[in-house]
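Q: Below are the sequence and a predicted model; questions follow.
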Amino acid sequence: MTKSKDARVTTALACTLCICKEAGDKSTGISRYTTRKNRRNTPTRLESKKFCVCCHRHTYHKEIKK
């Protein structure tokens with residue numbers, strides 16, 4: 001059985017540009033990725049550069065709050 005307080009957690013990364021233009025300007029959606037992180041080694045929020053399907057370019061994706 002797994003412990004309820006595992007060190008590894010599943011997090012979601014969302015595109016920063018899609019979130020900003022959500023209010024208007026032809027928003028086709030929000031690009032999201034899922035990843036796992038060790039909360040003991042990286043207690044801060046993750047940020048990585050990934051391809052956004054909505055923007056059609058590489059943008060920064062930040063960890064979102066659940």
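A: Structure's in. What do you need?
Q: count of neighbours near the closest residue to Leu17 other than its chain neighbours?
A: Excluding the flanking residues, the one nearest Leu17 by C-beta to C-beta, 6 or more residues apart in numbering is Thr59, at 5.0 Å. Where C-beta positions appear, they are placed from N, C-alpha and C, glycine not excepted. Neighbours of Thr59 under the rule other C-beta atoms under 10 Å: 16.
Q: And Ala14, by the same measure?
A: Around Ala14 there are 15 other residues, counting by other C-beta under 10 Å.
Q: For it, name its beta-bridge partners.
A: Here Ala14 sits in beta bridges with Arg32, Lys62, going by DSSP bridges.
Q: helix/strand/coil for Cys55?
A: coil (DSSP: H, G, I helix; E, B strand; the rest coil).
Q: in the protein, what secondary structure element scores lowest on mean pLDDT?
A: helix 16-20 (a mean of 76; mean pLDDT, DSSP states H and E).
Q: For this structure, which residue occupies the most central location?
A: Centrality entry for the chain: nearest residue to the mean C-alpha point is Leu13, 0.6 Å, by C-alpha atoms, centre = their mean.
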